[in-house]
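Chemist: can't give you the sequence, but here's the structure:
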């Protein structure tokens, strides 16, 4: 076997030059900043988690500005819900909520904030969306009724603005959470148009949101079933809770319990009109009110008189949609005691332009020839 010669390596051409890449050292100040930033992120995350999970007694209520609201919440029907369920967290709406919650701390420590914290209109409308999450049926009825009307529909109504000049008191019932004046909302404030909304973005916003008549911190208890083992306690003996209806007073910036509102004193000429003692109707009177002389049928008064005197508004109207389409059927048979189908009588129930307004209709308004005599055998009139 032939002997192999050793391979000669030309080191001159194959020599590999080692290149040393210097490693830059991080200066101590930068290391300290990096560690501090990491610790700050971990601390903020931990604090955020704690604040969201802990009891409001040890978080939100620690600020004296909202202690009264927290006390009401603790006795309300919403007491099993955390504050963040309705008010959100510092990050629930991105930078907007972060700025909002941050300013609360600034106002607290600088003493520049209000002693009593309230919701502005933007926050009220956000709350309305939160109401919708649990009260979907009520929200659906409200959005289909007259109380969900918008700023544009109310304040740009040519017929109304021509007949009656806009004024500050309009905001008492329409737009009670609006932060400005009537001049800030619509222009011109006169009976001569054309009118336009000066407040940008208000056009399609509702003027009567949920918090007009409700308050999330309203005192109350979660509903419980009746004691069906004792029939005597199912209806008349069953204890009822306080009315959850209130009225938001724009000027005092607070809600007034329906039962604390005055009962309307109403007159028809010199005669006192019987008014229902339903406390919820007292809220209706705050907007659907008569003139300063309390004469029935004046202003926006709709208090029932005639054959319906003494009835509550809620006897016919749904509380959220204001719907009254089936109200006659609820009380009257298909063929009434007078032998006529009341749903076809000449009232505003059938024809909106009827002179016999359903709120004020009397027997003689429809029975122009006199009230028929009662038929003895049937107990009905003929």
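Modeler: In hand now; what should we look at? Remember, predicted model here, so these are calculated numbers, not experimental data.

Chemist: per-domain residue ranges of the chain.
Modeler: In terms of domains, the chain is parsed into 40-112, 135-212 (source: automatic domain parsing).

Chemist: so what's the residue most central in space within the chain scoring on pLDDT?
Modeler: Closest residue to the average C-alpha location of the chain: residue 210 at 1.6 Å, with CA atoms, centre = their mean. Note for residue 210: predicted pLDDT of 93.

Chemist: Which residue is the nearest non-sequential neighbour of residue 278?
Modeler: Nearest non-adjacent residue to residue 278, counting by CB to CB, 6 or more residues apart in numbering: residue 312, 3.7 Å away. The C-beta positions use only the backbone N, C-alpha and C, and glycine is treated the same way.

Chemist: looking at it, that neighbour is touching residue 281, isn't it?
Modeler: Yes. Counting by CB atoms under 8 Å, residue 281 is a contact partner of residue 312 at 4.9 Å.

Chemist: out of the domains of the chain, deepest packed?
Modeler: Per-stretch averages of neighbours, counted by mean count of other CB atoms under 10 Å, single out domain 135-212 among these, with a mean of 16.

Chemist: about what we covered before: same drill for residue 312 and residue 281, tell me which one is more crowded.
Modeler: Comparing residue 312 with residue 281 by neighbour count (other CB atoms under 10 Å), the higher total belongs to residue 281, at 23 against 17.

Chemist: From residue 310, how far off is that one?
Modeler: Going from residue 281 to residue 310 by CB to CB, to the nearest Å gives 11 Å.

Chemist: and if you look at residue 208?
Modeler: Distance from residue 208 to residue 310, counting by CB to CB: 27 Å.

Chemist: so what's the residue nearest to residue 278 up against?
Modeler: By CB atoms under 8 Å, 6 or more residues apart in numbering, the residues touching residue 312 are 276, 278, 280-281.

Chemist: now do 7 Å
Modeler: For residue 312, the contact set (CB atoms under 7 Å, 6 or more residues apart in numbering) comprises 276, 278, 281.

Chemist: So which bits of stretch 207-227 are buried?
Modeler: Residues of stretch 207-227 classed as buried: 207-219 (neighbour count, 16 or more other CB atoms under 10 Å).

Chemist: Averaged pLDDT, the one helix or strand residue 70 maps to. What do you get?
Modeler: For residue 70, the host element (DSSP states H and E) is helix 67-74. With pLDDT averaged residue by residue, helix 67-74 scores 80.

Chemist: Quick one: distance of the helix or strand that comes right after it to the chain centre.
Modeler: Note on helix 67-74: by DSSP H and E, the next helix or strand toward the C-terminus is helix 84-87. Remark: helix 84-87 is offset 14 Å from the chain centroid, using CA atoms, centre = their mean, to the nearest Å.

Chemist: Whatever helix or strand comes next after helix 84-87 packs against which elements?
Modeler: Counting by DSSP H and E, the next helix or strand C-terminal to helix 84-87 is helix 95-110. The contact analysis (3 or more CB pairs under 7 Å, 6 or more residues apart in numbering; DSSP states H and E) places helix 95-110 against no helix or strand.

Chemist: same thing but at 10 Å, please
Modeler: Counting contacts by 3 or more CB pairs under 10 Å, 6 or more residues apart in numbering; DSSP states H and E, helix 95-110 is packed against helix 84-87, helix 121-134.

Chemist: and the angle for that helix with helix 121-134?
Modeler: 120 degrees (axes from the mean of the first three to the mean of the last three CA atoms, to 10 degrees).

Chemist: distance between helix 95-110 and the chain's centre?
Modeler: Relative to its parent chain, helix 95-110 has a centroid offset of 24 Å by CA atoms, centre = their mean.

Chemist: Now do the same contact list for residue 142.
Modeler: When contacts are counted by CB atoms under 10 Å, 6 or more residues apart in numbering, residue 142 is found next to 128, 131-132, 135, 148, 206, 208-210, 213, 318-322.

Chemist: For burial, what's the neighbour tally of residue 270?
Modeler: Neighbourhood size, residue 270 [other CB under 10 Å]: 5.

Chemist: Kindly list the main-chain dihedrals of it?
Modeler: Main-chain torsions, residue 270, degrees, to the nearest 10: phi -100, psi 0.

Chemist: cool, and residue 272?
Modeler: Main-chain torsions, residue 272, degrees, to the nearest 10: phi -80, psi 130.

Chemist: Tell me how far it lies from residue 177.
Modeler: Residue 272 is 36 Å from residue 177, by CB to CB.

Chemist: my read: residue 130 touches residue 85, true?
Modeler: Yes. When contacts are counted by CB atoms under 10 Å, residue 130 is listed as touching residue 85 (7.3 Å).

Chemist: which residues do those two both contact?
Modeler: Common neighbours of residue 130 and residue 85 (CB under 10 Å, 6+ apart) are residue 216.

Chemist: Give me the nearest residue to residue 286, chain neighbours excluded.
Modeler: Nearest to residue 286 is residue 247, by CB to CB, 6+ apart, at 5.0 Å.

Chemist: Just the strands from the stretch 101-250 of the chain, written as ranges.
Modeler: Along the stretch 101-250 of the chain, counting by DSSP state E, counting those that start in this stretch, strands occupy 186-187, 196-197, 246-249.
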